[in-house]
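Q: need coordinates for the below:
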Amino acid sequence: MQLHSSAFEQVAAVIEHIITNFDPNLCCSIGNILFPTPFDAVEVPEISVKDYLGRIREYSRCSESCYVIAFIYIDRLLQNNPGFLLSKLNIHRLILSTVILAAKYSEDEYVDNATFSKIGGIPLPELNLLEAYTLILLHYNLRVTTELYYQYLHELEPVSYTHLTLPTTPYV
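A: Predicted coordinates for the structure are as follows:
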């Protein structure tokens, strides 16, 4: 099934909107104590989320549905882990690890982790750990029903930020 060509752009737009509304230095928290996660970069990457997703799309050959599923995984991870906060420090690595899992779960053919490592600019051993950590945070639940997929797709198209309800506290 061919998806609307805007699904990829809508995922990028929503993620960009979410992370620009929070302190870029926030990371994971327990109570009032902040601590870094394996996803956190030392400094904010210069590449935008949209350009990073575009790079992944260009070289990974993932279908449009892969990005919707990756978005579902990010949302599920946040629901499962209320202390995990999206930020400009962690979103790139989180996107890459969720796209890898979405590709492995939903695509008939996908590039290997060594290729994803080059695409994402992350050393292969670190990428393998991020993939495993993402699985743990998702409670190994990669299943996406058709109904859930279309629910997210419907909510993504078209994105109207006047109707988009984002929490005023860190996204959980």
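
Q: poorly predicted segments of the protein, please.
A: Low-confidence segments of the chain, defined by pLDDT under 70, are located at 1-6, 8, 17-35, 158-172.

Q: Three-state assignment for the spatially most central residue of the chain, please.
A: By C-alpha atoms, centre = their mean, the chain has its centre lying nearest to residue 95, at 3.2 Å. Following DSSP: H, G, I helix; E, B strand; the rest coil, we place residue 95 in the helix state.

Q: how about residue 45, phi and psi?
A: Main-chain torsions, residue 45, degrees, to the nearest 10: phi -60, psi 150.

Q: can you tell me how far the nearest residue to it once chain neighbours are set aside is from residue 122?
A: Taking C-beta to C-beta, 6 or more residues apart in numbering, and ignoring the residues beside it in sequence, residue 45 has residue 92 as its nearest neighbour in space, at 5.1 Å. No exception for glycine: its C-beta is placed from N, CA and C like everyone else's. Here the criterion is C-beta to C-beta, to the nearest Å. By it, residue 92 lies 9 Å from residue 122.

Q: packing partners of the host helix or strand of residue 69?
A: Assigned by DSSP states H and E, residue 69 falls within helix 64-80. The contact analysis (3 or more C-beta pairs under 8 Å, 6 or more residues apart in numbering; DSSP states H and E) places helix 64-80 against helix 7-20, helix 91-106, helix 124-137, helix 146-156.

Q: how close does the residue nearest to the centre of the chain sit to residue 130?
A: Plainly put, residue 95 is 11 Å away from residue 130 if you go by C-beta to C-beta.

Q: same question, residue 112
A: Using C-beta to C-beta, one gets 15 Å for the distance from residue 112 to residue 130.

Q: higher neighbour count, these two?
A: When residue 112 and residue 130 are compared on other C-beta atoms under 10 Å, the one with more neighbours turns out to be residue 130, at 21 against 10.
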